[in-house]
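> Fold the following for me, if possible:
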Amino acid sequence: MGIRGLPPGYDLGEALQTVLRDHPLPLRSELDEQGLEAVALDREKPAHIVPTEEVTICSPFWPQQPYLGRAGAHFVGLNARHLPWTWYGRPASECVAENWLERRPEVCRKAGLEENLAT
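So this is what the prediction gives:
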């Protein structure tokens, strides 16, 4: 589903319950779950789509943008415990960690943090 932001006071739990009540279909995969989230977020008014120049897809994998966007970055794979595949002969998890370590100083600087606080 990517990156989501909620307006102040938005009750996501209530929105999810409403969609599940109105459309009682089984959820079989993470794609079904993502679809549920998209419908719940779009209920009251259409979602605001942010271009990738503003929030980049900061990843070592294609399609990547190896820099931070004007308003942020989505670090692909960073929250995964393990990626069970290789990228050009290297473990994918290693590539993700290296990408984060290369970008971390800039993230810390933009967030007003000392780099050693973000380890």
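
> And the chain, what are its domain boundaries?
Domain assignment for the chain by automatic domain parsing gives 1-48, 55-118.

> In a strand, T56, correct?
Yes. Assessed by DSSP: H, G, I helix; E, B strand; the rest coil, T56 belongs to a strand.

> residues in contact with it?
Counting by CB atoms under 8 Å, 6 or more residues apart in numbering, T56 touches Q65, Y67, L68, G69, G72, A73, H74. For glycine as for every other residue, the C-beta is placed from the backbone atoms N, C-alpha and C.

> Go again with 6 Å.
Residues near T56 by CB atoms under 6 Å, 6 or more residues apart in numbering: Q65, G69, A73.

> The first one contacts S59, doesn't it?
Same thing as Q65. No. With contact defined as CB atoms under 6 Å, Q65 does not count as touching S59 (7.7 Å).

> Between these two, which has more neighbouring residues?
Between Q65 and S59, S59 has the larger neighbour count (other CB atoms under 10 Å), namely 19 against 15.

> Would you mind measuring from the more buried one to R104?
15 Å (CB to CB, to the nearest Å).

> likewise L68?
Separation of L68 from R104 (CB to CB): 11 Å.

> Same question for N79.
N79 sits 15 Å away from R104, going by CB to CB.

> With neighbour numbers in mind, choose between those two.
Legend: neighbour count by other CB under 10 Å for N79 and R104, higher for R104 (15 against 7).

> That one and P66, how far apart?
Distance of R104 to P66, given as CB to CB: 14 Å.

> contact partners of the helix or strand where G35 lies?
Assigned by DSSP states H and E, G35 belongs to helix 30-41. Under the contact criterion CB under 6 Å, 6+ apart, helix 30-41 has outside partners M1, A15, L16, V19, L27, A47.
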